[in-house]
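K.L.:
Compute the structure for the input listed below.
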Amino acid sequence: MLIRAFPFLDPRRITSGVSERLQSLAADCALLERDAAFVSARLRTAPILDRYFPMLSPLGLQLVGDVTGHPRLGSRRIVTSQVWFADPENRWVRTLSRFYRLGRAAENDPASSLSALRPDADNDDGWPGAGL
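P.N.:
Have a look, this model is predicted:
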């Protein structure tokens, strides 16, 4: 039943990319537990997410916003992968895929921005079946 409703849960969809992202996230989690100062180095090369707003999806909490300097997606409107950690001072987030520096939060009604998204093409998730 769960796999039919949420195909991304199927372990047969696990790829090396998913495993690598999870291992990187776990390593950063361990570093955050010991000393959060390492984040500064990660943020030097992290893409900037501006005019962002949160969105709940079957995959979890994600951010929608205008990214600049993304290594794969360049500069455009995106949906991030799942958010796992967020800076209490709103300077950064760590998603499944990477750190993002946070710019300004969205000022307008975020629902109006959703119609411009193509989740399968603009999703930085990398999770199997994320384009659902």
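K.L.:
Buried residues, the strand or helix carrying R51. List them.
P.N.:
Using DSSP states H and E, R51 sits within strand 48-57. For strand 48-57, burial by neighbour count (16 or more other CB atoms under 10 Å) applies to I48, L49, D50, R51, Y52, F53, P54, M55. In this view, the C-beta of every residue, glycine as well, is placed from N, C-alpha and C.
K.L.:
neighbours around G60, how many?
P.N.:
A count of nearby residues for G60, using other CB atoms under 10 Å, gives 14.
K.L.:
Likewise for Y100?
P.N.:
Y100 has 28 neighbours, counted by other CB under 10 Å.
K.L.:
Check for me that it belongs to a helix.
P.N.:
No - assessed with DSSP: H, G, I helix; E, B strand; the rest coil, Y100 is strand; it does not lie in a helix.
K.L.:
so what's it bridging to?
P.N.:
Beta bridges link Y100 to V93, judged by DSSP bridges.
K.L.:
got a list of contacts for the strand holding R51?
P.N.:
Strand 48-57 is contacted from outside by 61-69, 78-80, 83, 93, 100-107, 110, 113-114, using CB atoms under 8 Å, 6 or more residues apart in numbering.
K.L.:
What's the end-to-end length of stretch 77-95?
P.N.:
For stretch 77-95, the first-to-last residue distance is 16 Å (CA to CA, to the nearest Å).
K.L.:
Would you enumerate the residues in contact with L32?
P.N.:
F38, V39, F85, R94.
K.L.:
Find me the pLDDT at it, would you?
P.N.:
Model confidence at L32, expressed as pLDDT, equals 91.
K.L.:
which SS class is S97?
P.N.:
coil.
K.L.:
That one: neighbouring residues, count only.
P.N.:
Per other CB under 10 Å, the neighbour tally for S97 reads 22.
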